[in-house]
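*Asks:* predicted model and sequence below, questions to follow.
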Amino acid sequence: MILSDLLDLPVQDPTGRRLGFCIDARLVLDAPAGAGPLAGARLHGLVVSPRTRTSFMGYERSGVRRPWPLGALLERRHAGTFLVLWEDVVGVERERILVAGNAVRYDARLRG
Amino acid sequence: MTRARGRRGRSLACLVCVTVLVGACAPPGRSSPEVVDDAVTEAIAAAATARLAMELFSSGDLPRETTRTTLAASLEDAHQAALDLGTLEVPGPQDSRTRDEALRAVADATSAIVTSRSAVSSTSDRTVDESTAALAEAIEQLDRVQDEVAP
Amino acid sequence: MKRLLGVALGVLTAIGGFLDIGDLVTNAVVGSRFGMSLVWVVVVGVVGICVFAQMSGRVAAVSGRATFEIIRERLGPRTGAANLVASFLINLLTLTAEVGGVALALQLASSVEPRLWMPVAALAVWLVLWRVKFKIMENVTGLVGLCLVGFAVALFLLGPDWGDLLSGALHPTVPATEGHAVYWYYAIALFGAAMTPYEVFFFSSGAVEERWKVKDIAESRLNVLVGFPLGGLLSISIAACATVVLLPRHIEVSALSQIVLPVAQAGGKLLLAVVIVGIVAATFGAALETSLSSGYTLAQYLGWSWGKFRRPAQAARFHLTMIVTLLVGTGILMTGVDPVMVTEYSVVFSAVALPLTYIPILVVANDPEYMGEHVNGRVMNALGTVFLVVILLAALAAIPLMVVTGAGR
Amino acid sequence: MTRDERLPRPPTPAGRVLDARLHLLSRQVLDADDMPLTTVDDLELRSTDDGPDRAPAADGGITGARVYTVTALLSGAALATRVLGGRAPASRWLRIDWGRVSDVGTVVRIAGTGDDLDATWTERWVRDRIIRRIPGGDHDPQ
């Protein structure tokens, strides 16, 4: 599949309740390395924002809050962004992503 | 893809409302005296430019080529003023009288600029001073018309 | 000594390079209709371009990424594409005005039909882009552009009533003959003329072209903080000359020839010749910068190789973009459209397009991932945010005002 | 702090963490000697038991049960899909295998030069057809 199949899709639990939109896919470089120097990039989880469809300049995860007016505005729009692990994803369809009912919602902020 | 259509629908909607917003600020129709006043202002600017260029040319401060270029631009502006006046839909007899007076003044200014251009091209000084004086007179006449239209 | 020369060269080039056809025309038009009552806008615009150019230069020097790469990376393809199309078209409009400006200036000196000069000017621009080294191109056009100091000299020679000029500038009032809408329309035009987007594309891409490192930031700050304000003073002297000579004679500026009449009155043929050389150099330099900016915006957005420091063969699509843009610009001019009118529209649309490039730069200048510890300080962020508001207001008010005033009639 | 405070911290995986859109998409791709090649417009992910023709495994479709890894960076046609939506035919993607990627920072760097990549065919076409034909096309400006 290609990444665009995942991005901006609504994310729902099995009952059909919408949890938000998939605004990014988290990769971890821990898969077996191919020909090149870098390790393989494994799909680790999906970053879901409850309100907005698209991420704006990655504000919600990079902890940057300045300059003040832009930072504050964007932070409010993206409050509550969470991470869902890939193994909790039940299925990916053309119009939505289904996530297991008991999927744990993790804090999506990167350590930075 | 329903996602894209939804978004495209939204961007279409905001395009429509922007056009409406801009359209709402369209300038109101300009009344006849306003058009005459603007045209006379443009003609005064053209004649005054020509006169300043001629003064600088005769005092040796402005080279011949630059003077010719300046006069050519002034002629174009004066011509535009005459065009604005000519195409004006005049509502009543009083307005048409002021329009005709303005047209005459603009025509005098235009011919003064034309004689200046020929004066600059030929060598005799006499015509340079004469055409500068004609320009000055045309400007006074335009000023009189403007006072009538917009006291 | 060599370093001092380098610094002096940098400052002088910044002064000469600051002015272009937009500054020349807009300041003269404003001086001839509003006197000194819009000078405050030039001051605001100069402070704004100092903040913006300095920030984008620092971002380019530290992160090695020029403006449009940042716009693509931070705004993503969809918003980035809209930003690209708007910026590219407005840059094309400015390029057309600059090449037209070169032709008009040459017509002043030769009274040859400007439309004969336009292809010659465009070809000369391309030849310089193709062969001449980036540093030489910048220094020559900047230094020769210094001849525009002739306007300041003319102002002194005219012996104006300085008190009157100063009070006109310090107590701005809308003249009786002009409406408030037109006053604010020309305030935005003047602001757009001072803060033209292409200056920032060129400035930040130039930082990458000249491989600036962190240590070069201090020198670039000096060039900007000394050169641009002095360039701003030249803009004000153009407006003052028009106020002293043209305003009393009710001459509303609509042609380049009118702009130089005060110089002839003050200093005769010699000073006039110096100023005309300055105008040709300033508009030619700006034509080079806008052509390069068209290449920079497209190449940086689509990830092509770009830059004059590379052989043309190593940046093929970049050079092809510049050739095509120059041809299109010349084509527009050959239709007989008045370059002065194109200039007036280009400065207003510059004001409209400013937020598109200003906001991403302001965001990235605060992002440690790009800037490390060189992120914006508290002062720079405060200034940056103030100008964010000013720029947004100008951008929003530009088009409605243009429609209401019929483009400043 | 905002409501995020209540969410638990995710398990910290061993390898380096990259968010695809934030750290990879729209990023500049450079070759070994810093020559810009193209931008990353999309990513191709496949699970170990996907068929060779990149279609998802016939039976269960895309699910969390399968481990997906990035097999290639995509550019060119993929840009149109991200801007206009819809989906480009697989044949029109310009692929750069993940194995070629040597580093991911503010730019993505690949090993070797980009001349053999199909992502740079337009650059080479313009260079050979137009720029090299103009005298001075190969002169070194510095």
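*Replies:* Happy to help now that I have it.
*Asks:* Three-state assignment for residue D:73, please.
*Replies:* For residue D:73, the secondary structure call by DSSP: H, G, I helix; E, B strand; the rest coil comes out as strand.
*Asks:* might one say that it is in contact with residue D:29?
*Replies:* Yes. Residue D:73 is within contact range of residue D:29, at 6.9 Å (criterion: C-beta atoms under 8 Å). Yep, even glycine has a C-beta here, placed from its N, CA and C like the rest.
*Asks:* quick check: neighbours shared by those two?
*Replies:* Both residue D:73 and residue D:29 are in contact with D:40, D:96, D:108, where contact means C-beta atoms under 8 Å, 6 or more residues apart in numbering or on different chains.
*Asks:* name all residues that make contact with the closest residue in space to residue C:372 that isn't next to it in sequence.
*Replies:* Once flanking residues are discounted, residue C:372 sits nearest to residue C:62: 6.5 Å by C-beta to C-beta, 6 or more residues apart in numbering or on different chains. Residue C:62 sits next to C:214, C:217, C:370, C:371, C:372, C:374 when contact means C-beta under 8 Å, 6+ apart.
*Asks:* which of these count as buried?
*Replies:* Among these, the ones that count as buried by 16 or more other C-beta atoms under 10 Å in any protein chain shown are C:217, C:370, C:371, C:374.
*Asks:* how about the strands in chain D?
*Replies:* D:16-19, D:28-30, D:36-39, D:42-47, D:68-76, D:93-97, D:101-104, D:108-110 (DSSP state E).
*Asks:* quick one: least confident of the contacts of residue C:62?
*Replies:* Across these, the bottom pLDDT score, 80, is held by residue C:370.
*Asks:* so where does that residue fall, helix or strand?
*Replies:* Per DSSP states H and E: residue C:370 is located in helix C:368-371.
*Asks:* next one, pLDDT for residue A:75 please.
*Replies:* 68.
*Asks:* follow-up on the earlier one: beyond the helix holding residue C:370, next helix or strand please.
*Replies:* Remark: after helix C:368-371, the chain's next helix or strand is helix C:378-404, criterion DSSP H and E.
*Asks:* about what we covered before: please identify the most buried of the strands of chain D.
*Replies:* Comparing the strands of chain D by mean neighbour count (mean count of other C-beta atoms under 10 Å in any protein chain shown), strand D:36-39 ranks first with a mean of 26.
*Asks:* outside of that strand, which residues touch it?
*Replies:* C:72, C:299, C:302-306, D:26-31, D:75-76, D:79, D:94, D:96, D:110, D:114, D:117, D:119-120.
*Asks:* got phi/psi on residue C:375?
*Replies:* Per-residue torsions, residue C:375: phi -70, psi 170 (degrees, to the nearest 10).
*Asks:* please read the previous query as pertaining to residue C:337.
*Replies:* phi -70, psi 150.
*Asks:* now do residue C:90
*Replies:* According to degrees, to the nearest 10, residue C:90 has phi -70, psi -30.
*Asks:* and the pLDDT at it?
*Replies:* Residue C:90 is assigned a predicted lDDT (pLDDT) of 92.
*Asks:* let me see the contact set for it.
*Replies:* Taking C-beta under 8 Å, 6+ apart, we find residue C:90 in contact with C:197, C:346, C:349, C:350, C:352, C:353.
*Asks:* strands along chain B, start to end?
*Replies:* With DSSP E, there are no strands along chain B.
*Asks:* max-length helix in it?
*Replies:* For chain B, the longest helix by residue count, based on DSSP state H, is helix B:93-121.
*Asks:* is any residue of that one near chain C?
*Replies:* No. Helix B:93-121 is not in contact with chain C by C-beta under 8 Å from any C-beta of the partner chain; minimum separation 10.1 Å.
*Asks:* packing partners of that helix?
*Replies:* Under the contact definition 3 or more C-beta pairs under 8 Å, 6 or more residues apart in numbering or on different chains; DSSP states H and E, helix B:93-121 sits against helix B:32-58, helix B:64-86, helix B:125-149.
*Asks:* circling back to that earlier point, other SSEs contacting the helix holding residue C:370?
*Replies:* Contact partners of helix C:368-371 among helices and strands, from 3+ C-beta pairs under 8 Å, 6+ apart: helix C:39-63.
*Asks:* related to what we said a few turns ago, TSV for the buried ones among the contacts of residue C:62, including distance to residue D:21?
*Replies:* TSV is the format used below for the buried ones among the contacts of residue C:62 (distance: C-beta to C-beta, whole Å):
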residue	distance to residue D:21
C:217	30
C:370	16
C:371	21
C:374	25
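*Asks:* from these, which is closest to chain B?
*Replies:* Among the buried ones among the contacts of residue C:62, residue C:370 lies closest to chain B (C-beta to the nearest C-beta), at 28.7 Å.
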